[in-house]
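S.K.: Provided below for reference: sequence and predicted model.
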Amino acid sequence: MSGKRPRNRLDILDPAPSDPSEALLTSTQPPTDRDWWRQAVVYQIYPRSFADSNGDGMGDLQGIISRVPYLTSLGIDAVWLSPFYPSALADGGYDVDDYRNVDPRLGTLEDFDVLVSALHDAGIKLIVDIVPNHTSDRHEWFTEALAADKGAPARDRYIFREGDGEEPPSDWDSVFGGSAWAQVEDGQWYLHLFAAEQPDLNWEHPEVRADFLQTLRFWSDRGVDGFRVDVAHALVKNLSEPFPSKTTLPRQSESNGAHPLWDQDGVHEIYREWRTVLNEYDPPRSAVAEAFVPAARRARYASADGLGQAFNFDLLQADFEYAKFRQVIEDNLALAEQNGSSSTWVFSNHDVVRHATRYGLPKDPSGSWQDGKAWLLSNGTEPTVDVELGLRRARAATLLMLALPGSAYLYQGEELGLQEVGELPAANLQDPAYFRSKGAEKGRDGCRVPIPWTVGGLSFGFGSGGSHLVQPKWFGGYSVEAQEGDPESTLSLYRKALAVRRGLQTGNSLTWVEGGDDVLHFIRPGGWQSITNFGAAPIELPEAAVVLSSGPLEGDKLPSATTAWLI
C-alpha cells in the first residue's frame, strides 16, 4: 500500500454527520442582501427560446414560469432575462418599441409580475436587460421624429444630420455591416450603430435621460433586482464636425476614450445618475455593464458610484490554455480589488458560439482566438468539431469558473453541454448580422435555437408546436429528460457544482499554488481548492478529499482537460 490517505468523493448533497469536512461544507458566509450580486450564479434566459406555453413556436413568460422548478433544482442565484419588450425582432428583441411593457407574444405585465413572484418565492433574483443606446424604429419617439419636419424638436431625441446629397454624413460602418447612417424621405440621415431598425438615441437630450430614469424605477417598483445594460459604452458620442473618416479612427479596443462613438468619458455622468436611482431601493438594485473596452477602463463602469459591475469577457475570448486563463484571472481580480467591485466570469451567451463547440475546434492557424465564426460559415462542417474534447474542456472550464471569486454567468443550455447549431438553413436565419453582411457572417442564431427538454416530440418539449429556429435531430440526446437520471451527465455536474459552491463560498479572494505550466491551482478561503489540468498527461493530486471533478479521475491522478475541487 502507498500509505496515502484515500481521497473519498464526498456525498456533497447529503454529507454524513461524521464527515470531517462537514464544517467546511456547512460553514458558509452568505453575502448580505445588499451584496448578493458579488458572488452570484446568474442564469441567462433568452425568453423566445426557453419554453413555449402556447405552442406558437416562440418562448414566453408563462413558459419560464412553468420552468421555475427546474431553475430551482439547478441551484442558481439569479435569472438574467434578455429583452421581453414589444419588438419587431429586427435584432432578436434588442430593438425595443416600448421599454415599460411586455411583448404581447410573450405575455403581459401581469405575467411578468407572476414571474417575479415565482422566482422570489424560490429564492431567485431577477435581472432584466435594458437597451439604452437605441430604440426600435417603431418606438413612439421615432415615429414622431419621422413625421416631423427637418429641425423639429421631435428629431432631437435621435441623431439626425444632413448628408452630401445621396452620400451619408460620414463613412462610418454599422456593427452589423453597411453604413451606420440611414436616409429618411426628406433627405436627412439618422445614425444607427447597429441595424437600421435601431436608431441611436441622443443622450444629450434631457428627455432621454429622464425617461430612462423612469424606466429604471418602473421595473424596480415591480420587484426587479438588477439590470444588465446593453452596449453600455456607446451612449455618449463626440459628434463634432467635420466627422473623421473611418480610416483614421482608433481601434475600439485600444481607443481609451478617443473614439468618437465608443467609451466616451461623459457616459459615466449618466451612470452616476442611474446609481442614485438604484440606491433609492432597499436593497439597492444591482447593475452590470456590457462594455467592450480595455480592462483598465472597464473598472470605471463597475465603480460604486456607477453601475457597480461590468462584464469581463476575457475568459470567453481565450482559448483553453493555462497561460491565457491564468493571466485573465489575475488581471481581472486585481481590477476588481482596485475599484471595490467583483469580477464577472462567462463562457457563453446569446452573442457567441457555445463554448462546448468552440473548445472542440482545432486552434486557429493564425494563433488568434477560435471564435467559431468561420466554422458557422461552413454550416458547421469545416473544420470537424471534436465533440467529446469540446465537452470535456467545457466542463473543466466551467468548474474552474465556478470556483473563482466573483459572479458567474451561465447561458441557457450550457448546463446540458449543448453544442452550437451550425447547420441552420439560410431560410431560417433571423440575425441582422447575416443580412447586413450579405452572408459574410452567419450570425448568432445557432446559440439561440430553443433548448431541448425532452428526448422526442415536435420541439423536444420546448412547446406543443414547432420552434421559431429549427432544432436539429441530435438535440434530443442533450435534453433535460435524457440527462435527469444520469449522475455523470453535464446537467448533474452543474447541479452538484452549484450546490457545493453554495456550501463552500466564503471570502472574495484566492491564493495561487504553483504547480507547473499546465496546472492551474488555487485555494479559496476555508481550504477549498480548485485544480485544472491543461496539460496532456495526468497529474498527481495533493493530499485532500475530492469533492467534485469535471470528469473521471485516473486513480489518484487528474486527467487532461479536467478540473477537481478538493477540501
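M.R.: Okay, I see it.

S.K.: measure stretch 415-434 end to end?
M.R.: 28 Å (Cα to Cα, to the nearest Å).

S.K.: no no, stretch 335-347
M.R.: 19 Å.

S.K.: so which bits of it are buried?
M.R.: Buried residues in stretch 335-347, counted by 16 or more other Cβ atoms under 10 Å: Leu335, Ala336, Asn339, Ser341, Ser342, Ser343, Thr344, Trp345, Val346, Phe347. In short, each C-beta sits where N, CA and C put it, glycine included.

S.K.: just the ones of those residues in helices?
M.R.: Among the buried residues of stretch 335-347, the residues falling in helices (DSSP state H) are Leu335, Ala336, Asn339.

S.K.: any idea how far Gln309 is from the nearest residue to the second one once chain neighbours are set aside?
M.R.: It stands for Ala336. In this structure, Ala336 finds its nearest non-sequential neighbour in Ser343, 4.4 Å apart by Cβ to Cβ, 6 or more residues apart in numbering. Ser343 sits 8 Å away from Gln309, going by Cβ to Cβ, to the nearest Å.

S.K.: overlap in contacts of those two?
M.R.: Ser407 (Cβ atoms under 8 Å, 6 or more residues apart in numbering).

S.K.: just the pLDDT at Val42, thanks.
M.R.: You'll see Val42 listed with a pLDDT of 98.

S.K.: wait, what's in contact with it?
M.R.: Counted by Cβ under 8 Å, 6+ apart, Val42 has contacts Ile76, Asp77, Ala78, Val79, Trp80, Ile127, Ser407, Ala408, Tyr409, Leu410.

S.K.: what sits against the residue most central in space within the chain?
M.R.: Centroid-nearest residue in the chain, with Cα atoms, centre = their mean: Asn349, separated by 4.1 Å. By Cβ under 8 Å, 6+ apart, the contact set of Asn349 is Gln44, Leu316, Tyr409, Tyr411, Cys447.

S.K.: and it, how close does it get to Thr276?
M.R.: 29 Å.

S.K.: and Tyr434, by the same measure?
M.R.: 41 Å.

S.K.: more crowded one of these two?
M.R.: Shown here are Tyr434 and Thr276; by other Cβ atoms under 10 Å, Tyr434 has more neighbours (21 against 11).

S.K.: doesn't the more buried one fall inside a helix?
M.R.: Yes - under DSSP: H, G, I helix; E, B strand; the rest coil, Tyr434 falls within a helix.

S.K.: isn't it up against Ala427?
M.R.: No - with contact defined as Cβ atoms under 8 Å, Tyr434 does not count as touching Ala427 (11.4 Å).

S.K.: Pro132 touches Leu235, doesn't it?
M.R.: Yes - using Cβ under 8 Å, Pro132 is in contact with Leu235, at 5.9 Å.

S.K.: who touches both of those two?
M.R.: Leu201, Trp203.

S.K.: can you spell out which helices and strands pack onto whichever strand or helix holds Ser220?
M.R.: Using DSSP states H and E, Ser220 sits within helix 206-221. Counting contacts by 3 or more Cβ pairs under 8 Å, 6 or more residues apart in numbering; DSSP states H and E, helix 206-221 packs against strand 125-130, helix 267-278.

S.K.: and the angle from it to strand 125-130?
M.R.: 160 degrees (axes from the mean of the first three to the mean of the last three Cα atoms, to 10 degrees).

S.K.: residues making contact with helix 206-221?
M.R.: Contacts for helix 206-221 (Cβ under 8 Å, 6+ apart): 99-100, 128, 130, 132, 157, 201-203, 227, 270, 273-274, 277-278, 280-281, 285.

S.K.: could you do stretch 194-205 as well?
M.R.: Residues contacting stretch 194-205 (Cβ under 8 Å, 6+ apart): 88, 90-91, 94-95, 132-138, 142, 156-159, 174-176, 182, 190-193, 208-209, 234-237, 267, 270, 432, 436.

S.K.: hmm, which of those are the buried ones?
M.R.: 90-91, 94-95, 132-138, 142, 156-159, 174-176, 182, 190-193, 208-209, 234-237, 267, 270, 432, 436.

S.K.: and for Arg228, the neighbour number?
M.R.: Arg228: 25 neighbours (other Cβ under 10 Å).

S.K.: Leu402: which of the ones in helices among the buried residues of stretch 335-347 is nearest?
M.R.: Ala336 (16.7 Å; Cβ to Cβ).

S.K.: list the residues that contact that closest one.
M.R.: Ala302, Ser342, Ser343, Gly406.

S.K.: was I right to think the last one contacts Trp37?
M.R.: No - using Cβ under 8 Å, Gly406 makes no contact with Trp37, being 10.0 Å away.

S.K.: which one's more surrounded, the two?
M.R.: Neighbours per residue, other Cβ under 10 Å: of Gly406 and Trp37, the larger number sits with Trp37, 26 against 21.

S.K.: the more buried one should be in a helix, yeah?
M.R.: Yes - the assignment for Trp37 by three-state DSSP puts it in a helix.

S.K.: which residues touch it?
M.R.: Ala78, Lys125, Gly226, Ser286, Val288, Gly308, Gln309, Ser342, Ser407.
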